[in-house]
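Chemist: Fold the following, please.
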Amino acid sequence: MMIRLCLINLLFGIALGLLAPAASAQTPFNSSFDHFTTGYPLEGSHRNADCQSCHVGGIFQGTPRECVACHSRGGLVKATPTPADHILTTTQCQDCHLETTWAPERRVDHSQVLGSCASCHNGTIAEGKPIDHPVTNESCETCHRPNAWLPATFNHSGISGNCFSCHNGTTATGKDPDHINTTNVCEDCHRTRAWEPVIRVDHLQVLGSCSSCHDGNTATGKDADHIPSSAVCDDCHTTNAWVPATFDHAGVMGNCFSCHNGSVATGKDPDHIPSSVVCDDCHTTTAWVPATFDHAAVTGNCFSCHNGSIATGKDANHINTTNVCEDCHTTNVWDPALRVDHLQVLGSCSTCHNGSIAEGKDADHIPSGNNCDDCHTTTAWLPAVFDHASVTGNCFSCHNGSIATGKDPGHINTTNVCEDCHTTNVWDPVIRVDHLQVLGSCSSCHNGSTAEGKNPGHLPTSNSCEDCHSTTAWLPAVFDHAGVAPGTCSGCHNGSTAEGKDVDHIATTGECDACHTTVAWTPATFDHDNITGACSSCHNGSTATGKDSGHFITALDCDYCHDSNFWVPLMFTHSSPAYPGDHRGNLSCTDCHGGNSEQVTWTSPAYIPDCAGCHANDYKPGDDDHSGLSQDRNCGNSGCHRVNSNEW
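Modeler: Here you go, the predicted structure:
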């Protein structure tokens, strides 16, 4: 307080000195008076102030010692007053100014400043916020101290921008490299006091799927007993807590029954209708009921439920039908019916189509019975397919050109039996041409204009088609060879015009009809007269029948013994000069040819070639007419014996 009073007296003295005339002014500096004894030492400018500038009227006692008592516009002492643009403060001038000089002030004691910081720190009176200052509407003292700008205690409550406007890694600390993938809305998770721990995780700001964090490492993942599902956590869980969960079946793997089997989760009630285990055919994943009934999953037919007991059945005025509901009704609604499946209607058409229950015959309907389905279909009345089955006359009785359409002028020449060619459905195309009803020859139609004629590769023939072809089809054709001259087969059967001889046909110059008939190639009547080769060229056991295993061993050709008509009887004639002639007995070849070959087996080879060669053992040397075997060895020349005689 003493120092303050001294400063005030000093300032006051300076003011008086400035006001007094220079010639008569007496200052404490040139006075012998020790002002310190007053308890208000004069310092600085007060030392040079005229004593009377402070002690007005020579009054010393009671002179004010506070700065503001002199340095004000209405004071008794006329000292320099506070300027009009002085900042708003208290009257404790000494807290900022020195006694030596008003300006520059030694410091600013912010405790004496009245008003907000910004009233001075606005960039004009005093330093304001730099251009890179965070955007804020808070007063300076919220973060800064009056001693110095820095360090500052940052108060985020006054920040008008979002966190990222500063915490972007440049202006202020941003997200760490291992920060989870999020938006830049820091304030949704972090507090302004410290980054961590976070106050919460606002999942609205998290980018990516849940499982990118909730994988059991970064954040809690699925428990070991979690139901099998995809990794889309938010299908069931919220960002507030894991439980309670709103179950979203979209992420469940497997069908409903894999869980809703009565064990893992609720299954079908005991009174559930018989159905498959495809729950979602009827039920939704929101709730069991209400259910949208899907009949596709029902294992029985409609009537198994819609029988009037389990579910609604046919009402009393339902038309007479079978119980196959699904053929007429849909699974959406009973009425209106999708269609009427007449296959399920019992009774005749007229029991319903009588003009009362259902539409009946129009007034202009042709006279007919009540068998509607003879002409009409169950799809629609029209178009109607006329059913000629109920017509009692023949076609021409109506289709005569008067009652109904008849034959047009270009119709081929036929009888009037329409039904033999046309159907009762349409005239054209005809189902067939019944040639029994065609009048005239084949060529009158089959001339290449009215109907198909002979093609360019046809054999040269007359126009009597029916000689070879049938009325069923051109092919196969039965060729009538009656008009072909005998011995001229090869004119057609040459391998080009018609089938000729096979490559393995036996060699012959004969015409085909020498062996074959006009009916078929086989069986053939073989005529050997036209064969140009030897018998064995065919009868070799391959081309034709050859010698059997017991055949006589000979190099002679077949025709030495056999005839071309038959194999037996044999026709062999002995032409050798040594042949003794035909014997009386019916001898077989092996009687002489004992080896079944051309070689004769002589019993007495010493007498070859005479009779004794075989009959030496039959010779009777004691007979009167015998002269001895050597002399009588040729019995036939003796005049006594003959080989063809019944007796010797």
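Chemist: hang on, Gly74 in a strand?
Modeler: No: using DSSP: H, G, I helix; E, B strand; the rest coil, the assignment for Gly74 is coil, not a strand.
Chemist: Count the neighbours of it for me.
Modeler: Using other C-beta atoms under 10 Å, Gly74 has 5 neighbouring residues. Glycine gets a C-beta too; all of them are placed from N, C-alpha and C.
Chemist: What does the pLDDT read for it?
Modeler: pLDDT for Gly74: 79.
Chemist: ditto for the one 3 residues further on
Modeler: For Val77, the pLDDT comes out at 82.
Chemist: Would you mind measuring from it to Asp50?
Modeler: Using C-beta to C-beta, to the nearest Å, Val77 is found at 11 Å from Asp50.
Chemist: Same question for Leu204.
Modeler: Here Leu204 is placed at a distance of 78 Å from Asp50 (C-beta to C-beta).
Chemist: Please identify which of those two sits among more neighbours.
Modeler: Counted by other C-beta under 10 Å, Leu204 and Asp50 do not tie: Asp50 has more neighbours, with 23 against 10.
Chemist: Asp342: what's it in contact with?
Modeler: Not Asp; residue 342 is His. 349, 373, 378 (C-beta atoms under 8 Å, 6 or more residues apart in numbering).
Chemist: which one of those residues is nearest Glu359?
Modeler: Comparing these against Glu359 with C-beta to C-beta places Cys349 closest, at 10.7 Å.
Chemist: what sits against the closest one?
Modeler: 342, 370-373, 376.
Chemist: Can you flag the buried ones in those?
Modeler: 342, 372, 376 (16 or more other C-beta atoms under 10 Å).
Chemist: how much space between the second one and Thr378?
Modeler: Look at Cys372 and Thr378: by C-beta to C-beta, they are 9 Å apart.
Chemist: Equivalent analysis for Ala172, please.
Modeler: Ala172 is 84 Å from Thr378, where distance means C-beta to C-beta.
Chemist: what's the answer for Ala482, then?
Modeler: Taking C-beta to C-beta, one finds Ala482 at 58 Å from Thr378.
Chemist: Name the residue in these two with the higher neighbour count.
Modeler: Taking other C-beta under 10 Å, Ala482 and Thr378 do not tie; Thr378 has more neighbours (13 against 7).
Chemist: Go ahead and confirm the more buried one touches Val340.
Modeler: Yes: counting by C-beta atoms under 8 Å, Thr378 does reach Val340; the two are 7.3 Å apart.
Chemist: Flag whichever of the contacts of Cys349 scores worst on pLDDT.
Modeler: Least confident of the contacts of Cys349 in the model: Asn370, at 77.
Chemist: Count the neighbours of Thr450 for me.
Modeler: For Thr450, the count of nearby residues is 13 (other C-beta under 10 Å).
Chemist: whoops, Val438 was the one
Modeler: Counted by other C-beta under 10 Å, the residues lying close to Val438 total 19.
Chemist: Numbering from 874 from now on, please.
Modeler: Right, with 874 as the first residue, what we last looked at is Val1311.
Chemist: any common contacting residues for Cys1245 and Thr1251?
Modeler: With C-beta under 8 Å, 6+ apart, Cys1245 and Thr1251 have no common neighbours.
Chemist: Am I right that Phe1130 is in a strand?
Modeler: No: the assignment for Phe1130, made by three-state DSSP, is helix rather than a strand.
Chemist: measure it to Ala1138 for me?
Modeler: Distance from Phe1130 to Ala1138, counting by C-beta to C-beta: 10 Å.
Chemist: So those two - more neighbours on which side?
Modeler: More crowded of Phe1130 and Ala1138, by other C-beta under 10 Å: Phe1130, with 17 against 13.
Chemist: For that one, which non-adjacent residue is closest in space?
Modeler: Closest residue to Phe1130 apart from its sequence neighbours, by C-beta to C-beta, 6 or more residues apart in numbering: Val1150 at 3.8 Å.
Chemist: could you pull out the helices for this structure?
Modeler: With helices called from DSSP state H, the chain shows them at 875-892, 924-927, 940-943, 1462-1465, 1485-1488.
Chemist: what's the least confident stretch among those?
Modeler: Looking at those, the bottom one is helix 875-892 with a mean of 43.
Chemist: burial of His970, as a residue count?
Modeler: 19.
Chemist: Quick check: phi and psi at the residue lying closest to it once chain neighbours are set aside.
Modeler: Closest residue to His970 apart from its sequence neighbours, by C-beta to C-beta, 6+ apart: Glu978 at 5.2 Å. Backbone torsions for Glu978, taken as degrees, to the nearest 10, come to phi -70, psi 150.
Chemist: Give me the distance between the nearest residue to Pro1147 once chain neighbours are set aside and Ser1131.
Modeler: Leaving aside its sequence neighbours, Pro1147 sits nearest to Thr1172 (C-beta to C-beta, 6+ apart; 5.4 Å). As judged by C-beta to C-beta, Thr1172 and Ser1131 stand 20 Å apart.
Chemist: Repeat that for Gly1042.
Modeler: Distance from Gly1042 to Ser1131, counting by C-beta to C-beta: 49 Å.
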